[in-house]
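# Show me the folded form of this:
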Amino acid sequence: MRKVTSKSRAFGTLKLLAIAGVLFVTNDGIGAHMQLLIDQDRLSTLVMFAAVWLLCLGCLLIAAFQPRWPVRALWAFLFSLSSGAAYGYQLASGTQLTVYDLLSLWNSRQEAGRAYEFYFNDVVVGLLVVAVGFVAFMATPAIQRASFRKALSRLSWAPGVPVAVITAIVFLRAGGGTHALPQQFTPVAMTMLLAAKTATWEPAVRREVRVDPVARPSARHIVLLVDESVRGDYLDFTPGNPYTPNLPGLRDRVADFGLASSGGNCSQYSNVILRLGGARNDLIHTMRTNPFIWQYARKAGFRTMYIDAQAPEDKNTGRLQNYMTVEEVKWIDEFVVIQNTSSPTLDFKALEMVGEKLKGDTPHFIYVNKNGAHFPYDKTYPADAVRFRPTMSEADGGNTMAARINSYRNSVSWSVDGFFKKLFEIDLSHSAVFYTADHGQQFDPARLTHCTVSDPDPREGLVRLLLISGDPDLKSRFAEAAAINYDRASHFAIFPTVLQIMGYPLGFVRETFGEDLLSQINTQQAFTSGEVFGLFADVNWNPVDVHARYLEQSFTAGSVECRPNR
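Numbers count the residues shown, from 1 in each chain. Okay, the predicted model is just below:
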């Protein structure tokens, strides 16, 4: 009997050490957070923080030593999955997972395949944590005493208590309050709260278009090109530059509004802001009540068309993305998802479709989601278009900042510089074309490239804004406005400008939607990070100083690691 007891104790000790290892690896910043609370003299908060941790540790042990294996398996699955997801996200982003990050990830789930490829190493480590954690929590407990086993069985659902406590904290703190709390419980609690909030959230009630156009549209066709992940300062109009060599020759044909701030630093938020005309001074309310841009276009006599050029062969197609709903689709006359097309040719296929529509006499409003420079960057351009190397695919340890920038430069050169060369082969004499990107990028491998909710890098919201027309009067008007508003614009000025071109009354447009591109802009540039519909709290605004030197100087032309392939 003593021999069995000795083995049992050794096994139990090993199980405890494994659990402790998982806790140590996946929970970072506890000491720093406690020291911060002490420095700020927030002793009551410190006591509550410590109490939550003690409660979680106690319930964690109750779950890990459950004598009934189905119950133990349930908690082992939840704890290990929560640990791995939180740790993998922290490796990829450099920040702890929050409820806003979960919401953003869920709304971007159609991009899971491409995100998996780009963040492959972080995903693998996260899965490894899941596997190790499951084995540690699931290992058969070495408990000999019947009374102790019976007591643990009675407490089998006790781990639900800290989940409920953390859920309450997140709810009361409007989505916050989870920093440095146990990652074995926190993602589970946030997921439950997010599901409950989403299920009980009242749907948006959208107004009808309240006014009629008072003038004929300034252009027969209006095209809104929304590029993917193209940062504004990577479009170079300097003659002779090696990065975007076609753009300098096109400078006289575009009205360049310079660097602008995006609506959000994540695709779904920027695109839905552009389609709904969210107003900066009342964003949440306008996002939940404004009519769709398609409704304005139809009332002004335009046939509406949406082109999704973000569905390469390896992507599950046919899904609505960027908060597009079935209700919204009803207002779109032609809904096109480009399929069975290689990633490098998606944008050019979309451009062919646009060109065909612009030849006709029927007025069209066309919204295009380009594939652009979406990660993984090396898949957005053909192998023979490599100009800067080593790329992420070529370099040893390819997920370095230098390799990322080389691959990104190649992507922008192909999908933006090459695209614009083809764009001007189309007759634009009856068209007004808006070009921007949904968000920018940052290239530090220790952080997310974009979609950071808390304290995002300003580069994530840095885009370019160009207006184009072959009509002499409209071209002149755009050029004058660009001179006034160079480096002053934002996505929030696009919707009211589109409505002006459609012929809607200027007073209504400016009163409802705010500043437009054709009048002087005085509002400081800023982008949102996180949710914009008011699900949890107010909007998180992040200023952008377009005069700052955001361009990564260490990897510009002439450096060893970012060189043109001549």
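# OK, contacts around G514?
By C-beta atoms under 8 Å, 6 or more residues apart in numbering, the residues touching G514 are A279, R280, N281, F492, A493, P496, T523. For the C-beta atoms, the positions are set from N, CA and C on the backbone; glycine is no exception.
# Which of the residues you listed ranks first by neighbour count?
F492 (29 neighbours; other C-beta atoms under 10 Å).
# For it, which non-adjacent residue is closest in space?
Closest residue to F492 apart from its sequence neighbours, by C-beta to C-beta, 6 or more residues apart in numbering: R280 at 4.9 Å.
# Who are the contact partners of that neighbour?
Applying C-beta under 8 Å, 6+ apart, the residues near R280 are S490, F492, G514, T523.
# Farthest-apart pair in these, please.
S490 and G514 (9.8 Å; C-beta to C-beta).
# joint contacts of the two?
With C-beta under 8 Å, 6+ apart, S490 and G514 have common neighbours R280, T523.
# and the contacts of R280 as JSON lines, adding pLDDT and secondary structure?
Shown next, in JSON lines, are the contacts of R280 (pLDDT from 0 to 100; DSSP: H, G, I helix; E, B strand; the rest coil):
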{"residue": "S490", "pLDDT": "97", "secondary structure": "strand"}
{"residue": "F492", "pLDDT": "97", "secondary structure": "helix"}
{"residue": "G514", "pLDDT": "93", "secondary structure": "coil"}
{"residue": "T523", "pLDDT": "93", "secondary structure": "coil"}
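# helices and strands of the chain: which one bottoms out on pLDDT?
strand 563-564 (a mean of 43; mean pLDDT, DSSP states H and E).
# Quick one, grab the pLDDT at the residue most central in space within the chain.
Nearest to the mean C-alpha position of the chain, counting by C-alpha atoms, centre = their mean, stands C266 at 2.7 Å. pLDDT for C266: 91.
# Show the contacting residues for it.
S104, S108, D438, H439, H450, C451, S529.
# now, which of those lie within helices?
Members of the contacts of C266 lying in helices (criterion: DSSP state H): S104.
# Name the nearest of the contacts of C266 relative to D333.
Among the contacts of C266, and counting by C-beta to C-beta, the member closest to D333 is D438, at 23.3 Å.
# was I right about that closest one contacting V272?
No - here D438 does not reach V272: they are 10.2 Å apart, not a contact under C-beta atoms under 8 Å.
# How about F335, nearest residue that isn't a chain neighbour?
Y306 (5.2 Å).
# Quickly list what that neighbour is bridged to.
Using DSSP bridges, the beta-bridge partners of Y306 come out as F335, Y367.
# just checking, M353 touches I307?
Yes - the pair M353 / I307 is scored as a contact, 6.0 Å apart, by C-beta under 8 Å.
# Quickly list what's touching both of the two.
What both M353 and I307 touch, as defined by C-beta under 8 Å, 6+ apart, is the set V336.
# In contact with the residue nearest to F335: list those residues for me.
So Y306 contacts I332, E334, F335, V336, I366, Y367, V368, N369 (C-beta under 8 Å, 6+ apart).
# repeat that with 6 Å
I332, F335, Y367 (C-beta atoms under 6 Å, 6 or more residues apart in numbering).
# Most neighbours of all those, which one?
Y367 (23 neighbours).
# how much space between it and V130?
40 Å (C-beta to C-beta, to the nearest Å).
# ditto for E552
The value you get for E552 to V130, if C-beta to C-beta is used, is 34 Å.
# How about S393?
Taking C-beta to C-beta, one finds S393 at 27 Å from V130.
# higher neighbour count, the two?
Using other C-beta under 10 Å, the more surrounded residue of S393 and V130 is V130, with 21 against 15.
# can you pull the contacts of the more buried one?
Here V130 is in contact with S80, L81, G84 (criterion: C-beta under 6 Å, 6+ apart).
# Please name the nearest non-neighbouring residue to the last one.
For G84, ignoring the flanking residues on the chain, the nearest one in space by C-beta to C-beta, 6+ apart is V130 at 3.4 Å.
# Counting neighbours, what do you get for E394?
E394: 13 neighbours (other C-beta under 10 Å).
# Look at it and tell me its secondary structure.
Assigned by DSSP: H, G, I helix; E, B strand; the rest coil, the conformation of E394 is coil.
# Report the separation between it and A373.
For E394 relative to A373 (C-beta to C-beta), the value is 18 Å.
# what stretches of the protein score poorly on pLDDT?
Per-residue confidence for the chain (pLDDT under 70) gives these ranges: 1-8, 93-94, 107-108, 110-111, 142-144, 312-319, 397-398, 553-566.
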